[in-house]
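**Student:** one predicted model, sequence on top.
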Amino acid sequence: MRIQGTITQVLPLQEGSSQSGAQWRKQTVVVREDDPDIAFPNEVALDLFNDRIPVQKELAAGQRVDVHFGIRTREWGGRVYNEIIVYKFTL
């Protein structure tokens, strides 16, 4: 799947370690679709992990982006959750 749009929010960078000791980083951005045919554009929160976080440019509201992603569904504790997995993130 693909969305082209504009960043509306950049949440603080999160960092930590997994149970196995591997370091991880996560940056959440909110992107609003740029589609003139949609009366009420969708906003999507996207989680960028590790090497998917751009290092050459700082992420900021107002930047146009092109995002390729997939949706994964999982069950935990009797509830069902959707997860958006970003494969490619281009400024």
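**Tutor:** In hand now; what should we look at? Here the structure is a predicted model, which means the values were calculated and not measured. Numbering: from 1, shown residues only.
**Student:** tell me which residues touch the nearest residue to P54 once chain neighbours are set aside, please.
**Tutor:** Of all residues not flanking P54 in the chain, L91 sits nearest, at 6.1 Å (C-beta to C-beta, 6 or more residues apart in numbering). Quick note: C-beta positions are derived from backbone N, CA and C, even for glycine. Residues in contact with L91, defined by C-beta atoms under 8 Å, 6 or more residues apart in numbering, are P54, K57, L59, Q63, R64, V65.
**Student:** model confidence for T8, exactly?
**Tutor:** According to the prediction, T8 has pLDDT 97.
**Student:** now for it, how many residues are close by?
**Tutor:** 13 (other C-beta atoms under 10 Å).
**Student:** tell me which element L59 is part of?
**Tutor:** When elements are assigned from DSSP states H and E, L59 belongs to no helix and no strand.
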